[in-house]
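1. What follows is a protein structure lacking sequence information:
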């Protein structure tokens, strides 16, 4: 059983550890955030994004693969060399030779046979064994003269694969820029909301202090004092929540652009009071610039290349060849000629394969038509979203003017005794709410604009629209 002294020491150690952890967290939060403009964030994202790096690697791989088959269909020269040792064992039967010799001697005249010395007797068989080291080398050449267009079809198909990789990389770039707009101006909106809540909290604290003084002199009832205290507690909770949200949004932005420290977005939310260009201009831009259409076109090119390759296999193939022996002691051997190969029948159904590749081309054409239709609808939706957000922000000006006037009247009424402290606090809170709603409308405008530019293939133009906007809402704006 632990002693009372050890239990107290344990509690003190835990309390001390908690204090140290809290102090470390406070120090981390106290570090100043690094200012970051949208253009700087965009540059950092495009330079450090792992997604873009993977897309660029895919493009490089496709280009190198296409480069690797640049000489497809050209001559191929190879050298073949080998060194070997052989051993030959043979048993040669000499009986036929011996019988032939005896027969030839028997046919000679007796006088001549007597003059010849005695012939040696041949053995019935002789064993032969031979071992030797040898080496040879050959130079060979194969040159396709006509392959029916297979080489061109393969190159065209790999060109289509490269175009597809480029379209995927462009699509990744567009989507990443939209994500950056979402994170960057989401952090700006969260900071704006936190500043408004903090401003409202300071005002409520002043009103709470005034309510305490009024209670002491008997101007207000205790219930009004309690209401002011409750409003202060709610304002403190709302301010803490808004600050936490702003901190989380800033962290998300920092991780998006791969920055270790916290960042403070300096480019404000914005709205342009002028309407957008006509919808038809954005639709036309989408039909020309959107990477989705480039990808469909690349798919169609690959399908057409596959069909051409299959049709090329129906045609005859002509190639030249040659072989020359190297490293020989005598006159070298060589051979050269032309070969023709034409497949008259095989186990594959060429007609079915050709029909299949034609269906792939039809599929690509249908996909292209569908993508064009979907893009036009998406551009129209985003264009309307931008216009609705713009009109909503402008219409909320009257609500903000009303909230400011109501706050002024409540402040004057409190001095004259026609308004209560709670009325003043409500007016202050209402103004912060209306200003936050206007900031949210500005963020809706920004996000809708980013979506519109992405759907029309113009995400790089976002910074230009931001610079041309005539209404800006900084985080610390009154």
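-> That came in fine, so what should we check first? Treat the numbers as computed from the prediction; the structure is a model and nothing was measured.
2. Do a quick rundown of the helices in the stretch 201-350 of the chain.
-> Along the stretch 201-350 of the chain, the segments classed as helices by DSSP state H, counting those that start in this stretch run 222-256, 279-289, 291-312, 350-416.
3. Dead centre of the chain: give me the residue that sits there.
-> residue 51 (3.8 Å; CA atoms, centre = their mean).
4. In this protein, which strand is the longest?
-> strand 125-146 (DSSP state E).
5. which of the residues in it are buried?
-> Under the neighbour-count criterion of 16 or more other CB atoms under 10 Å, strand 125-146 has 138, 139, 144 buried. To be clear about C-beta, it is placed using only N, CA and C from the backbone, and glycine gets the same treatment.
6. Run me through the strand neighbours of that strand, direction for each.
-> strand 76-93 (antiparallel), strand 317-326 (antiparallel) (DSSP bridges).
7. Deepest-packed of these, please.
-> strand 317-326 (a mean of 15; mean count of other CB atoms under 10 Å).
8. Off-centre distance for that one?
-> Offset of strand 317-326 from its chain centre (CA atoms, centre = their mean, to the nearest Å): 47 Å.
9. Could I get the average pLDDT for that strand?
-> Regarding strand 317-326, the rounded mean pLDDT is 90.
10. Ok, stretch 230-238 next?
-> 90.
11. Go ahead and confirm residue 438 touches residue 473.
-> Yes. Taking CB atoms under 8 Å as the definition, residue 438 is a contact partner of residue 473 at 7.4 Å.
12. about what we covered before: look up the closest residue to the residue nearest to the centre of the chain, ignoring the ones flanking it.
-> If you skip the residues right next to it in sequence, residue 51 has residue 172 as its closest partner in space, 5.5 Å away by CB to CB, 6 or more residues apart in numbering.
13. In terms of secondary structure, what does the strand or helix carrying the one you found contact?
-> Assessed by DSSP states H and E, residue 172 sits inside helix 150-216. Here helix 150-216 touches helix 38-48, helix 50-68, helix 222-256, strand 263-265, strand 269-271, helix 291-312, helix 421-455, going by 3 or more CB pairs under 8 Å, 6 or more residues apart in numbering; DSSP states H and E.
14. Please spell out which residues along the fourth one are buried.
-> Same thing as strand 263-265. 263, 264, 265.
15. just to revisit the earlier point, I'd like the strands paired with strand 125-146 laid out as CSV, including distance to residue 196.
-> Formatted as CSV, the strands paired with strand 125-146 follow (distance: least, CB to CB, whole Å):
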stretch, distance to residue 196
strand 76-93, 75
strand 317-326, 77
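16. OK, contacts around residue 291?
-> By CB atoms under 8 Å, 6 or more residues apart in numbering, the residues touching residue 291 are 167, 168, 170, 171, 174, 457.
17. Setting aside sequence neighbours, what's the nearest residue to the fourth one?
-> By that I understand residue 171. residue 291 (4.3 Å).
18. any idea how far residue 55 is from the residue lying closest to residue 383 once chain neighbours are set aside?
-> Once flanking residues are discounted, residue 383 sits nearest to residue 279: 5.0 Å by CB to CB, 6+ apart. Distance, residue 279 to residue 55, by CB to CB, to the nearest Å: 30 Å.
19. Looking at the two, which one has more neighbours?
-> residue 55 (20 against 16; other CB atoms under 10 Å).
20. Which residue comes closest to that one once chain neighbours are left out?
-> Using CB to CB, 6+ apart, the nearest residue to residue 55 is residue 169, at 3.8 Å.
21. Settle this for me: the one you found is touching residue 60, isn't it.
-> No. In this structure, residue 169 is not within contact of residue 60 by CB under 8 Å, at 10.1 Å.
22. First residue to last residue on stretch 464-472, what's the distance there?
-> 14 Å (CA to CA, to the nearest Å).
23. Which positions in that stretch come out as buried?
-> So for stretch 464-472, counting by 16+ other CB under 10 Å, buried means 465, 466, 469, 471.
24. pretty sure the first one contacts residue 450?
-> Read it as residue 465. No. Using CB under 8 Å, residue 465 is not in contact with residue 450; the gap is 9.3 Å.
25. coming back round to it: out of the buried residues of stretch 464-472, which is nearest to residue 409?
-> residue 471 (27.0 Å; CB to CB).
26. Near the nearest residue to that closest one once chain neighbours are set aside, how many other residues are there?
-> Spatially, and ignoring its direct neighbours in sequence, residue 471 is nearest to residue 271 (4.4 Å; CB to CB, 6+ apart). Burial of residue 271 is recorded as 24 neighbouring residues (other CB under 10 Å).
27. give the contact list for residue 271.
-> Contacts of residue 271 (CB under 8 Å, 6+ apart): 389, 390, 393, 394, 441, 442, 445, 469, 471, 473.
28. make it 7 Å
-> By CB atoms under 7 Å, 6 or more residues apart in numbering, residue 271 lies in contact with 390, 393, 442, 445, 469, 471.
29. Next: residue 268.
-> Contacts for residue 268 (CB under 7 Å, 6+ apart) come out as 188, 472, 473, 474.
30. What is the most widely separated pair among those?
-> Of all pairs in the contacts of residue 268, the most separated under CB to CB is 188 and 472 at 10.7 Å.
31. And residue 464, how close does it get to residue 52?
-> With CB to CB as the criterion, residue 464 and residue 52 are 21 Å apart.
32. what do you get for residue 455?
-> 20 Å.
33. Quick check on these two: which one has the bigger neighbour count.
-> residue 455 (27 against 16).
34. Name the surrounding residues that touch stretch 459-478.
-> Residues contacting stretch 459-478 (CB under 7 Å, 6+ apart): 38-39, 174, 177-178, 181, 188, 191-192, 195, 267-273, 439, 442, 449-450, 453.
35. go with 6 Å
-> The contact list for stretch 459-478 (CB atoms under 6 Å, 6 or more residues apart in numbering) reads 39, 174, 177, 191-192, 195, 268-273, 439, 442, 453.
36. Now restrict those residues to buried residues only.
-> Buried among the contacts of stretch 459-478 by 16+ other CB under 10 Å: 174, 177, 191-192, 195, 268-272, 439, 442, 453.
37. Tell me where the model's unsure across the protein.
-> Applying pLDDT under 70 to the chain flags the ranges 1-32, 94, 97-99, 101-122, 327-329, 477-478.
38. Pop out the phi and psi values for residue 218.
-> phi 80, psi 20 (degrees, to the nearest 10).
39. That one: neighbour count?
-> 7.
40. ok, for residue 275, nearest residue in space, not its chain neighbours?
-> residue 387 (6.7 Å).
41. I'd like the distance between that neighbour and residue 274.
-> 11 Å.
42. Then residue 336?
-> 78 Å.
43. Equivalent analysis for residue 264, please.
-> 29 Å.
44. Pull the number of nearby residues for the closest residue in space to residue 261 that isn't next to it in sequence.
-> Distances taken as CB to CB, 6+ apart place residue 34 nearest to residue 261, at 5.3 Å, with adjacent residues excluded. Neighbour count of residue 34, defined by other CB under 10 Å: 14.
45. do the one 10 residues further on as well
-> Burial of residue 44, expressed as a neighbour count using other CB under 10 Å, amounts to 17.
46. before we move on, what about residue 406?
-> Residue 406, neighbours per other CB under 10 Å, totals 18.
47. isn't it right up against residue 427?
-> Yes. Residue 406 is within contact range of residue 427, at 5.0 Å (criterion: CB atoms under 6 Å).
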